[in-house]
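**Student:** Got a predicted structure plus its sequence, pasted below:
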Amino acid sequence: MTECSAQLPYVLVLAGHDPSGGAGLIADSEAIRAGGGWALTVPTALTVQNSCNVQAVIPQSGESMLAMARTLCEDFRPGALKIGLLASEAALTACVTLIEELQQRWPGLPVVWDPVLKAGGGLELSTESLIHQARESLLPHVDVLTPNRAELARLAACPTGTGDGRLAEHLLAAGAGAVLVTGTDPVERDADSLAEPSVIHRLYRRDHATLALDCPRLTGSFHGSGCTLASHLAVRLARGMTLPSAWQAAQQATWQSLVDGQQRGRKGALPEAQFLPWR
């Protein structure tokens with residue numbers, strides 16, 4: 001078949017659907033479009049949620065996920081794969097199967113995984129068993145993992161008090177190509193950290209080169225910033241940028257979208273990625 005909008009790189013997205021539009025597939029699509037690409041979206045789960053919290057998760061079947069993704073890939077050639085919420089074993093298995101199929105067809109296809117494990121309002125979105133399975137089966141296929149600090153600790157399954165660098169090294173040894181640890185954490189923020197004028201994000205790589213990037217701290221709370229960052233990163237990798245350059249550009253684009261975010265609902269600002277021009 002003839003591809004549409006051939007000038008745009010495609011990013012295949014497997015993630016949950018947030019009906020409020022602040023996170024999940026909608027946020028992914030807006031960030032990818034703002035970053036100069038086009039999103040091909042496959043829902044891994046539907047959610048009952050608003051801007052304040054997730055009330056329920058309705059996982060989609062692995063068969064439906066594979067059918068949608070395979071049909072899309074008959075027509076479009078993705079330049080990257082972005083993964084978000086995986087709320088069931090069936091979704092995880094389908095995701096791993098799909099990655100293996102795609103990388104046989106297109107070796108070197110970048111895979112970005114934003115491990116959504118807990119909703120900002122507190123609802124658990126995964127189980128320890130599912131996290132263990134993802135660490136064993138999915139992580140070796142992931143080029144860039146983008147956890148916050150709480151997700152980093154849960155994925156690494158290391159003793160309490162272990163530093164971020166050691167946790168990242170554990171995940172690199174388990175197969176991840178790189179680990180991008182975001183410096184803000186909605187679960188563990190305290191008065192001291194909130195007083196710091198900047199937030200430090202760190203990119204850990206297998207070559208033991210750690211890159212750090214400071215961003216001015218923003219006040220308030222934000223819904224969907226993790227999805228936005230991972231998707232901005234994925235589309236830049238799809239455009240052929242190197243990982244360090246893609247990361248810095250994605251971090252800046254995400255920060256700017258938070259600066260420009262608007263109040264919608266009761267929780268706080270949503271990233272306004274849909275209004276950012278492609279630069």
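**Tutor:** In hand now; what should we look at?

**Student:** quick one, strands of the stretch 101-250 of the chain?
**Tutor:** Applying DSSP state E, counting those that start in this stretch to the stretch 101-250 of the chain gives strands spanning 111-113, 144-145, 178-181, 198-205, 210-216.

**Student:** Scan this structure for its longest strand.
**Tutor:** Counting residues, the longest strand in the chain under DSSP state E turns out to be strand 38-49.

**Student:** Identify the neighbouring strands of that one in the sheet and state each direction.
**Tutor:** strand 10-17 (parallel), strand 54-59 (antiparallel) (DSSP bridges).

**Student:** Leu109: which of these is closest?
**Tutor:** strand 10-17 (8.9 Å; Cβ to Cβ). C-beta here means a position set from N, CA and C on the backbone, and glycine is covered the same way.

**Student:** Output the closest one as CSV, restricted to C-alpha atoms.
**Tutor:** The C-alpha trace of strand 10-17 is given here as CSV (Å, rounded to 0.1, in the frame of the first residue of the first chain):
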residue,chain,number,x,y,z
TYR,A,10,5.9,7.1,12.1
VAL,A,11,6.0,6.0,15.8
LEU,A,12,4.0,3.0,16.7
VAL,A,13,2.5,3.5,20.2
LEU,A,14,1.3,0.8,22.6
ALA,A,15,-0.2,2.5,25.6
GLY,A,16,-3.4,3.0,27.7
HIS,A,17,-6.2,5.4,26.7
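
**Student:** following it, which helix or strand comes up?
**Tutor:** helix 24-34 (DSSP states H and E).

**Student:** same for that next one, what does it pack against?
**Tutor:** Other helices and strands packing on helix 24-34, by 3 or more Cβ pairs under 8 Å, 6 or more residues apart in numbering; DSSP states H and E, are strand 10-17, strand 38-49, helix 225-238, helix 243-259.

**Student:** By mean pLDDT, show me the worst of the ones you listed.
**Tutor:** If the helices and strands packed on helix 24-34 are sorted by mean pLDDT, helix 243-259 sits at the bottom with a mean of 88.

**Student:** ok, now which ones touch the closest residue to Trp38 other than its chain neighbours?
**Tutor:** Closest residue to Trp38 in three dimensions, ignoring its sequence neighbours and counting by Cβ to Cβ, 6 or more residues apart in numbering: Leu8, at 4.4 Å. By Cβ atoms under 8 Å, 6 or more residues apart in numbering, Leu8 lies in contact with Gly36, Gly37, Trp38.

**Student:** Can you get me a residue count around the residue nearest to the second one when sequence neighbours are not counted?
**Tutor:** The one in question is Gly37. Nearest non-adjacent residue to Gly37, counting by Cβ to Cβ, 6+ apart: Val235, 3.9 Å away. Using other Cβ atoms under 10 Å, Val235 has 33 neighbouring residues.

**Student:** related to what we said a few turns ago, let me have the strands of the stretch 101-250 of the chain in CSV, adding mean neighbour count as columns.
**Tutor:** CSV is the format used below for the strands of the stretch 101-250 of the chain (neighbours: other Cβ atoms under 10 Å):
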stretch, mean neighbour count
strand 111-113, 27
strand 144-145, 28
strand 178-181, 25
strand 198-205, 18
strand 210-216, 14
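
**Student:** Most tightly packed of the helices and strands packed on helix 24-34?
**Tutor:** helix 225-238 (a mean of 30; mean count of other Cβ atoms under 10 Å).

**Student:** Show me what it is packed up against.
**Tutor:** Against helix 225-238 (3+ Cβ pairs under 8 Å, 6+ apart) you get strand 10-17, helix 24-34, strand 78-83, strand 111-113, helix 243-259.
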